[in-house]
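K.L.:
quick one, fold the following:
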Amino acid sequence: MLKSYIIDLKSRIAVYIPVKNDTIDKKIAEYINNYPDRQKLKIMFMRESEGVYQFGTKRIGVKVAKDKIEIRVGGGFLSIDEFLDQYTPAELEKLERKDPFKRITERVAVQKTLVGKEQRESSPINNRSSPLPRSPKKQQI
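P.N.:
Numbers count the residues shown, from 1 in each chain. Model (predicted):
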């Protein structure tokens, strides 16, 4: 009963499958697949080569030392938990900036909330009786 429940649960969640004979990738797979709240892992690690991964827009170096995953940042290393806490918000923001549809819908929502009486009166859509301003004609000499 419990075993079938676990199999069913795991089948609903994407599982990270490591590359054979890559100890770093196996460790990352173990970390991701056993992460308590998978919904918080909004940016995934994409393996490029041994020890090199893409995390959102960032290319990172990863190593395993003393059975812990460490990620190269600047001149040192961060644990994977510290790295995720520090870099996930920035990467999510970058992804949102790249999504033009989301930006447009957010702008429309903001414009709808900002529309006041003054703005409606000056709107070219709502004020169709007034023609658009014309440029002055050049006089011939």
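
K.L.:
pull out the buried residues from stretch 47-65.
P.N.:
By neighbour count with 16 or more other C-beta atoms under 10 Å, stretch 47-65 contains the buried residues Arg47, Gly51, Tyr53, Phe55, Gly56, Ile60, Val62. Heads up, the C-betas are built off the backbone N, CA and C, glycines and all.

K.L.:
wait, isn't Arg59 in contact with Arg47?
P.N.:
No: contact criterion C-beta atoms under 8 Å: Arg59 and Arg47 do not qualify, at 11.3 Å.

K.L.:
what do these two both touch?
P.N.:
Jointly contacting Arg59 and Arg47 under the rule C-beta atoms under 8 Å, 6 or more residues apart in numbering are Tyr53.

K.L.:
can you list contacts of stretch 16-34?
P.N.:
If you take C-beta under 8 Å, 6+ apart as the criterion, stretch 16-34 is touched by 15, 38, 41, 44-45, 47, 50-51, 53, 62-64, 67, 69, 80.

K.L.:
widest-spaced pair of these?
P.N.:
Using C-beta to C-beta, the pair of these lying farthest apart is Arg38 and Glu50, separated by 24.9 Å.

K.L.:
what's the single longest strand in this structure?
P.N.:
Secondary structure of the chain per DSSP state E: the longest strand is strand 58-65.

K.L.:
who does that one pair with, and is each partner parallel or antiparallel?
P.N.:
Sheet neighbours of strand 58-65, with direction, are listed as strand 52-55 (antiparallel), strand 68-73 (antiparallel) (DSSP bridges).

K.L.:
can you give me the mean pLDDT across the longest one?
P.N.:
By that I understand strand 68-73. Across strand 68-73, the average pLDDT comes to 95.
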